[in-house]
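>>> Show me the folded form of this:
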Amino acid sequence: MECGREICYFFSMRYSLLVPFFLFACCGASRAYPGDSSGIARFEHVPVLDNAPGNSVRSMVQDAAGFVWFGTKHGLARHDGYSQWIYRRDPEDSNSLANENVRAICEDRKRNLWVATEENGLYRRDAGTGLLGRISSHESIHRMLLDQAGVLWFGTEQGLKSYDAATRSLVSSRTAGTDSVIHHEPIVAMVEDAVGNLWLGTHSGKIIRLNSKRSVDGIYSLNASDVKGDALLGLCAGKFGEVWAGLCRSVARYNPAADVFEPLPVSLFGDERPEARITSILERRDGSLWIGSTDGLIKLGTGGTVMSRFHHQADVAGSLRSDNIAALMEDASGMLWISTDKGGIDKLLEPAGGAGVLRPEPFIPPVAVTNFMLFDNSNKDFVRGREYLDSIEISYRDNFFALGFSVLDYRSPSENQYAFMLEGFDNDWRTSGTPRFARYANVPPGSYVFRVKGAGKDRVWNETATPMRIIITPPFWRTGWFYVLAAIALAGLALVFQRLRAQRQVQRILEIERVRAAENRLVRQRAADDFHDEFGHKLTRISLLSQVMKRSVSNGHTEQLEKIIQTSDDLSVGMRDFLWSLNPEKDSAGDIAIRLKDFGDGLFDGSGIAFRVEGEGAQMENVGLALDWRRHLLLIFKEAMNNAAKHSGCTNVLLDMSCTNGLLSIRLQDDGKGFDPSASTNGQGLEGMRKRAEKIHGTLSITPAEGGGTLVGFTGTIPTYSEAERHG
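Numbering: from 1, shown residues only. Prediction:
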């Protein structure tokens with residue numbers, strides 16, 4: 001493995017004194033790890049990508065959610081302590097990994113994951129969707145680092161660069177006093193110390209320090225004879241303020257007093273192993289310095305003395321899987337992760353009774369929902385490796401579903417404990433113990449919140465339960481829009497039913513009216529017949545007896561008898577008109593015209609006055625008139641004819657009737673001496689005629705006719721009557 005192409009993993013801690021580190025390393029190391037290669041320290045193997053042959057993990061990082069990410073030669077893997085979600089190359093997806101050989105990983109403040117691959121590919125994985133997006137396809141990136149200000153730095157083959165969100169590209173760093181080496185030499189190592197200085201390492205062995213304002217504050221060359229010409233491999237910042245430089249076969253420490261890097265006086269590898277090289281360097285939070293190499297794992301003590309060496313031993317269970325170590329990482333619980341070239345990861349398990357990692361308080365691990373399955377066999381791409389999935393929507397048909405979850409304490413995953421509850425369905429928390437799945441069946445449609453909490457190796461429960469909203473959509477017949485449509489349909493049916501009911505009621509009323517009209521017609525007909533037979537017969541007899549008396553009376557005193565005879569005749573005529581108006585068979589405007597014609601013919605016969613009737617003929621037969629209209633119109637125009645016969649001195653009388661759009665018009669015109677309206681205002685006959693016209697809401701006009709004579713005109717809108725109303 002070439003030294004200049006390898007990487008290291010580091011943690012940046014607070015600045016402190018250097019002395020406590022050496023005191024702790026001296027006092028505690030032997031208890032934790034007594035012996036160089038005794039195997040008392042135990043390692044646990046974690047397969048990566050199903051333990052693919054030749055799959056080396058080149059970079060590791062733990063994100064803010066607690067998941068551990070592996071950058072391998074065959075893709076990007078997210079580990080939850082039990083299983084891995086893997087990103088590989090997909091020919092049908094342009095945003096998938098074009099090259100599966102992942103070189104570096106880094107997480108930004110928005111929890112997006114940045115991934116650099118071997119052949120000039122930079123990708124950003126969105127924390128919300130879990131999808132990859134390609135940022136650049138032409139940058140060769142060795143290292144990535146997120147500084148304390150939130151700026152993402154890239155150590156590339158073309159120097160130091162940062163990300164420009166506006167152009168979605170990497171831009172060269174323009175810092176004051178920048179040496180050309182920053183822009184033209186490959187940056188193979190980066191670290192930020194406790195006070196915010198940015199340290200850069202080049203492939204040629206130079207170290208460049210940028211202060212918090214990112215101005216060049218020092219350049220150090222490590223290719224002098226005191227470091228035996230070793231090329232720089234990596235940088236590491238310690239919790240006590242140290243900066244460590246990993247060379248191919250030795251380690252140098254920055255001396256701030258002398259402003260130089262000084263090599264540690266220790267031989268990491270004997271002369272019998274000339275090919276051994278350092279691959280990574282890490283200072284753990286307890287202050288111990290760990291070296292990964294091609295010849296196993298080394299722990300350094302005070303003054304750079306070798307405290308422990310760990311090697312692969314085929315006949316010893318719990319030893320390293322391989323001596324060829326690629327990267328080191330310490331997670332949030334303080335456990336050390338070691339990647340090897342055998343397709344897997346080794347975790348360093350603290351020996352029983354040993355000092356281990358100093359933690360003032362027990363580790364409270366985060367809990368995450370990692371799977372959502374329908375019918376216990378498919379996750380339906382709901383989760384897609386997202387760390388912050390908070391809502392899932394399924395159909396009511398998916399009446400069996402399951403959720404998988406993980407306590408992200410990797411020290412002993414098989415011993416992690418779980419409790420969960422589906423709010424709105426479960427009445428209380430359900431403790432599952434070590435099984436990490438919750439299964440539900442026949443959950444009614446609705447909105448629920450699934451909550452899960454857990455405890456890790458220290459048996460301290462994370463009471464901040466991780467929530468996930470589960471929405472089960474109802475069938476269409478239980479949705480709001482269906483209820484609205486159903487309500488509209490019911491309202492429509494009710495309206496139709498009401499209309500049908502109203503129509504039946506109207507039909508019933510009309511039927512009753514028709515029956516009543518028929519009864520009225522029968523009663524009127526019988527009354528008219530009876531009245532005519534009885535009253536008419538009596539009047540005729542009175543008239544005849546009066547005539548007989550007139551002939552038998554002597555001396556010619558017949559004036560009173562004449563009045564009796566005239567009154568009887570008038571009463572007989574009026575009775576006939578009244579009986580005619582009662583006759584239900586005479587209910588049209590045509591019948592009025594015929595009656596007036598008969599009256600006029602009898603009135604003007606032998607008087608020397610010519611009487612004519614004009615009108616629309618058969619059309620008038622279809623114009624129905626109510627009883628009061630027939631009676632008032634008959635009396636109005638009989639009076640007008642009498643006036644024309646007695647007072648006008650005319651020789652011609654014309655009666656004209658018409659009906660257009662419900663408007664009835666009747667005119668009686670003579671050619672007599674004319675009519676003086678001012679001289680006739682007190683006439684009782686004319687006044688009676690006007691009152692009769694008003695009673696049927698019509699208009700009566702009596703005006704001089706053109707060419708002489710008098711014109712009596714009536715106009716009125718015929719009301720719409722039912723048959724019963726027309727017949728009284």
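>>> only C-alpha atoms for contact and neighbour calcs from this point on.
Will do.
>>> What is the three-state secondary structure of D601?
Using DSSP: H, G, I helix; E, B strand; the rest coil, the structure places D601 in helix.
>>> Could you find the closest non-adjacent residue to it?
Leaving out its chain neighbours, the residue that sits closest to D601 by CA to CA, 6 or more residues apart in numbering is F611, at 6.8 Å.
>>> check contacts around that neighbour.
Shown in contact with F611 (CA atoms under 8 Å, 6 or more residues apart in numbering): G600, D601, F604, N652, V653, L654, L655.
>>> which element is K691 on?
For K691, the host element (DSSP states H and E) is helix 684-695.
>>> On the C-terminal side of that helix, identify the next helix or strand.
Using DSSP H and E, the helix or strand that follows helix 684-695 towards the C-terminus is strand 699-704.
>>> ok and that next one relative to helix 684-695, angle-wise?
Relative orientation of strand 699-704 and helix 684-695, computed by axes from the mean of the first three to the mean of the last three CA atoms, to 10 degrees: 140 degrees.
>>> List the first helix or strand encountered after strand 699-704 toward the C-terminus.
Beyond strand 699-704 on the C-terminal side, the first helix or strand identified by DSSP H and E is strand 710-717.
>>> Pull out the buried positions in that following strand.
For strand 710-717, a neighbour-count test (16 or more other CA atoms under 10 Å) marks T710, L711, V712, G713, F714, T715, G716, T717 as buried.
>>> Over to stretch 154-168?
In terms of neighbour count (16+ other CA under 10 Å), stretch 154-168 has its buried residues at F154, G155, T156, E157, Q158, G159, L160, K161, S162, Y163.
>>> where do the helices sit along the stretch 101-250 of the chain?
With DSSP state H, counting those that start in this stretch as the definition, the stretch 101-250 of the chain shows helices at residue ranges 181-184.
>>> So for the closest residue to P362 other than its chain neighbours, what's the pLDDT?
Leaving aside its chain neighbours, P362 sits nearest to D458 (6.0 Å; criterion: CA to CA, 6+ apart). As predicted, D458 sits at a pLDDT of 91.
>>> again, but for the one 10 residues further on
Predicted confidence (pLDDT) for M468: 89.
>>> dump the residue contacts of it.
When contacts are taken as CA under 8 Å, 6+ apart, M468 is in contact with L389, D390, S391, I392, V449, F450, R451.
>>> Double-check the second one against R451; I have them as touching.
No. Taking CA atoms under 8 Å as the definition, D390 is not a contact partner of R451, at 10.6 Å.
>>> Looking at the two, which is more packed in?
Taking D390 and R451 together and counting by other CA atoms under 10 Å, R451 has the greater number of neighbours (19 against 16).
>>> For that one, list the residues it contacts.
For R451, the contact set (CA under 8 Å, 6+ apart) comprises F420, M421, L422, E423, A465, T466, P467, M468.
>>> do that again at 7 Å, thanks
By CA atoms under 7 Å, 6 or more residues apart in numbering, the contact list for R451 reads F420, M421, L422, A465, T466, P467, M468.
>>> Mind putting the residues you listed into a markdown table with secondary structure?
Compiled in a markdown table, the contacts of R451 are given as follows (three-state DSSP):
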| residue | secondary structure |
| --- | --- |
| F420 | strand |
| M421 | strand |
| L422 | strand |
| A465 | strand |
| T466 | strand |
| P467 | strand |
| M468 | strand |
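>>> The residue nearest to P362 belongs to a strand?
No. According to three-state DSSP, D458 belongs to no strand; its state is coil.
>>> what about it, how many residues close to it?
Under the neighbour criterion other CA under 10 Å, D458 is assigned a count of 15.
>>> Same check on S59?
25.
>>> K73 is in contact with that one, correct?
No. Using CA atoms under 7 Å, S59 is not in contact with K73; the gap is 10.1 Å.
>>> Are there residues contacting both of D390 and R451? Which ones?
Here D390 and R451 share the contacting residues P467, M468, scored by CA under 7 Å, 6+ apart.
>>> returning to that earlier point: now for the contacts of M468, which sits with the most neighbours around it?
Ranked by neighbour count under the definition other CA under 10 Å, those are headed by F450 with 22 neighbours.
>>> What's the per-residue pLDDT of it here?
Listed pLDDT for F450 reads 95.
>>> Show the contacting residues for it.
If you count contacts by CA under 7 Å, 6+ apart, F450 has them with M421, L422, E423, P467, M468, R469, I470.
>>> where exactly do the strands run in the stretch 351-500 of the chain?
Assigned by DSSP state E, counting those that start in this stretch, the strands in the stretch 351-500 of the chain fall at 367-374, 391-395, 400-407, 417-423, 430-433, 437-441, 446-455, 461-473.
>>> Report all helices and strands that the fourth one contacts.
If contacts are counted by 3 or more CA pairs under 7 Å, 6 or more residues apart in numbering; DSSP states H and E, strand 417-423 sits against strand 430-433, strand 446-455.
>>> Buried residues in the last one, which are they?
What that stands for is strand 446-455. Quick answer for strand 446-455 (16+ other CA under 10 Å): Y448, V449, F450, R451, V452, K453, G454, A455.
>>> Look up how far A465 lies from the second one.
Look at V449 and A465: by CA to CA, to the nearest Å, they are 11 Å apart.
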